[in-house]
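Peer 1: A structural model of the following input is requested.
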Amino acid sequence: MTLAECYRILSLPATATDDEIIRSYKKLALQYHPDRNPDKTEWANRSMATINVAYTTVMGHRFKDASGAKDEAPTRPEPQRRAQRREQRRPAEPTPPEHTREELIERFVALRESAKDVLYRYFQYNLNNIARRDEPKNKGTFNEVVYSLRKNFHSIKRLATLTKDAELLEHFSVFTEMLFNFYRSSECLTILDSYNSRLDIEAYRLYKKGDDALHASHREIFYDRHNRGSFKKDIAVTHLVKAEQYFSQTMKTFPDSSWAVETGIKLEYCQSLKKYLILFFSDAAA
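Peer 2: Prediction:
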């Protein structure tokens, strides 16, 4: 599914704001929800899956897109030619200075700590609670959290272009992958209805167990340990393993439920969070 198709499914132009995308997604999700279509449940589940993929694809693209806006927007030929001519006339930029390993580590640590501060704020304001997040006083806070995470994400990505050091590149990759999957996970908007569909009821119950376990794990990692002053790594790992098992079971048992897309996203986040724990919280890591 291309990005342009995703926007079409959401009935929005690529210039739509994030809030417009969220509103359109919620409207479509309620319209095609299996409970609203009891006579064609399979069709409704497929429709929900398509809508969920479109929404997560668009929001994921916006997070990863360094320009912060759109893709696949047509460029008029004449302005493009003028831009090319200006580029040709522009004097060559000097080769950027080489960065020492120590300098890159120092910059990465600063960006990593900045991102962790943002994650702390996410839990401090209970922004995992969708209803609370939608309150006017918290909407701006969530937008600031996303903006800051994204800024750190791209700053670390730029660091990766300045070195060929395999160890540094691994740290950069694992941390940015975790940030991206955290963001995707946070954008899974729970759309609940009366749930007369037995398939969705069972799928949601299993999904919810995984989501609760995941929340306990990453809250310990990014919030509770800082308040306590010590890290209960065994608790974080235990909950993370449970979450991964619940999500894997949901995917295996209910692959056609309307929760399949969200479950897959949460499972990917569990896996990237596990990599983060292994690499950054070994006996030698702080």
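Peer 1: Does Met178 lie in a helix or a strand, and which?
Peer 2: Secondary structure assigned from DSSP states H and E places Met178 in helix 166-186.
Peer 1: just for this protein, where's the confidence low?
Peer 2: Where the chain drops to pLDDT under 70, the residues are 67-98, 190-197, 283-286.
Peer 1: switch to 50 and redo it
Peer 2: Per-residue confidence for the chain (pLDDT under 50) gives these ranges: 69-84, 86-87, 93-96, 284-286.
Peer 1: Run through the helices of it in chain order.
Peer 2: When assigned using DSSP state H, the helices of the chain occupy the ranges 3-9, 18-32, 41-64, 77-89, 101-124, 130-133, 136-159, 166-186, 198-219, 225-228, 233-253, 260-280.
Peer 1: With mean neighbour count added, can I get those helices in TSV?
Peer 2: (Glycine included, C-beta is placed from N, CA and C.) TSV is the format used below for those (neighbours: other C-beta atoms under 10 Å):
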stretch	mean neighbour count
helix 3-9	18
helix 18-32	16
helix 41-64	19
helix 77-89	9
helix 101-124	16
helix 130-133	14
helix 136-159	16
helix 166-186	19
helix 198-219	19
helix 225-228	13
helix 233-253	18
helix 260-280	20
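Peer 1: ok, Ile51 touching Ile9?
Peer 2: Yes - if you go by C-beta atoms under 8 Å, Ile51 and Ile9 touch, sitting 6.4 Å apart.
Peer 1: Give the residues shared as contacts by the two.
Peer 2: The contact sets of Ile51 and Ile9 overlap at Leu28 (C-beta atoms under 8 Å, 6 or more residues apart in numbering).
Peer 1: List the contacts of the residue lying closest to Glu220 once chain neighbours are set aside.
Peer 2: When the adjacent residues along the chain are set aside, Glu220 lies closest to Ala236, with 4.3 Å between them (C-beta to C-beta, 6 or more residues apart in numbering). Contacts for Ala236 (C-beta under 8 Å, 6+ apart) come out as 217-218, 220-221, 277.
Peer 1: quick check, nearest of these to Lys137?
Peer 2: When the contacts of Ala236 are compared for distance to Lys137 (C-beta to C-beta), His218 wins out at 23.7 Å.
Peer 1: Excluding residues flanking it in the chain, which one is nearest the closest one?
Peer 2: Nearest-residue entry for His218: Leu273, 6.3 Å, with adjacent residues in sequence omitted and distances by C-beta to C-beta, 6+ apart.
Peer 1: any idea how far the one you found lies from Asp212?
Peer 2: Using C-beta to C-beta, to the nearest Å, Leu273 is found at 15 Å from Asp212.
Peer 1: One more: Asn128?
Peer 2: Using C-beta to C-beta, Asn128 is found at 11 Å from Asp212.
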